[in-house]
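1. Let's see this in three dimensions:
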Amino acid sequence: MAGPSNIDSWFEFIVWSIIAVAALAGAVQSWRGRREHRKQSATIEEVREQVSNTHDTNLRDDIDRLIDAVDRIDSKQDAHGTTLSKFMREMYAATARQDRIAAKYHPEEP
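-> Okay, here's the model as predicted:
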């Protein structure tokens, strides 16, 4: 085979056509691959900008501090709830005591 300019038979024409189609397909695939690579690179940069830590503290540390604060609030709320329950019991007891005293010494009043 001397090359595409000196084709002597149909067989050589078919072989050179297959070679040309394969070369063209390779070039198109290479071009598509480079284009896709550029798109992916741009997307990766966008993602990198969104997830990179630009804050003074790490998110995990911030969340840990937030959880600790919520736990402290819960424990204080429980303590306040206990105190309030005790106060309410004492208030009801005092009211009942006052009602008994009023009924004993002022039976004529409703």
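2. roughly how far out does the helix or strand hosting A69 sit from the chain middle?
-> Assessed by DSSP states H and E, A69 sits inside helix 59-105. Taking the mean of its C-alpha atoms, helix 59-105 sits 36 Å from the chain's own mean (C-alpha atoms, centre = their mean, to the nearest Å).
3. so who does the residue sitting nearest the centre point of the chain touch?
-> The C-alpha lying nearest the average C-alpha coordinate of the chain belongs to V51 (C-alpha atoms, centre = their mean; 10.6 Å). Going by C-beta atoms under 8 Å, 6 or more residues apart in numbering, V51 touches no other residue. No exception for glycine: its C-beta is placed from N, CA and C like everyone else's.
4. For it, what are phi and psi?
-> Dihedral pair for V51: phi -100, psi -10, per degrees, to the nearest 10.
5. measure it to G26 for me?
-> With distances defined as C-beta to C-beta, to the nearest Å, the gap from V51 to G26 amounts to 36 Å.
6. Ok, R97 next?
-> When R97 is compared with G26 (using C-beta to C-beta), they lie 100 Å apart.
7. and what of V70?
-> Between V70 and G26 the computed distance is 61 Å (C-beta to C-beta).
8. One more: M91?
-> With C-beta to C-beta as the criterion, M91 and G26 are 90 Å apart.
9. Check H55 too.
-> Relative to G26, H55 is positioned 47 Å away (criterion: C-beta to C-beta).
10. Kindly report the same for A79.
-> Here A79 is placed at a distance of 75 Å from G26 (C-beta to C-beta).
11. How about R100?
-> Counting by C-beta to C-beta, the separation of R100 from G26 is 103 Å.
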